[in-house]
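Student: okay, sequence plus prediction incoming.
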Amino acid sequence: MNSSSNPIVSLIIPSLKGCSLFRETWSCLLQSLSEIPFSTEVLVIDNGPEDGTEKFLGDHPFHSLRYLHYPEPLGFSKACNIGASK
């Protein structure tokens with residue numbers, strides 16, 4: 001499915017203590033991604049102390065979710081750059 005006529009769309013989500021936002025928006029996000037006519041992936045760059053994000057995402061899987069956790073806050077730009085490099 002990943003060809004020049006059907007490229008992949010990568011959604012990079014930097015997160016700092018974002019578990020409550022994932023709880024509120026995850027089903028809507030997945031619904032929106034299902035309507036995109038391209039193959040999609042979601043990269044969550046969780047940076048900072050553990051807040052339950054990893055467990056939440058593990059309990060609510062998406063077929064092409066990649067989760068990276070960094071224990072120290074990276075800042076928005078650095079987290080986005082890490083996601084883009086993956």
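Tutor: Thanks, I have the structure now. Numbers count the residues shown, from 1 in each chain.
Student: could I get the buried residue list for stretch 23-41?
Tutor: 30, 33, 40-41 (16 or more other C-beta atoms under 10 Å). The C-beta positions use only the backbone N, C-alpha and C, and glycine is treated the same way.
Student: for these, give me TSV that also has distance to Gly83.
Tutor: As requested, those are exported to TSV (distance: C-beta to C-beta, whole Å):
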residue	distance to Gly83
Leu30	18
Leu33	16
Thr40	14
Glu41	10
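Student: inside helices: which ones of the residues you listed?
Tutor: Judged by DSSP state H, helices contain the following of the buried residues of stretch 23-41: 30, 33.
Student: what ranges do the helices span in the protein?
Tutor: Going by DSSP H, the chain shows helices at 19-34, 53-59, 76-85.
Student: can you tell which of those helices is closest to Arg66?
Tutor: With C-beta to C-beta, the closest approach to Arg66 among the helices of the chain belongs to helix 76-85: 8.6 Å.
Student: which residues touch that closest one?
Tutor: 10, 12-15, 43, 45, 47, 68, 70, 74 (C-beta atoms under 8 Å, 6 or more residues apart in numbering).
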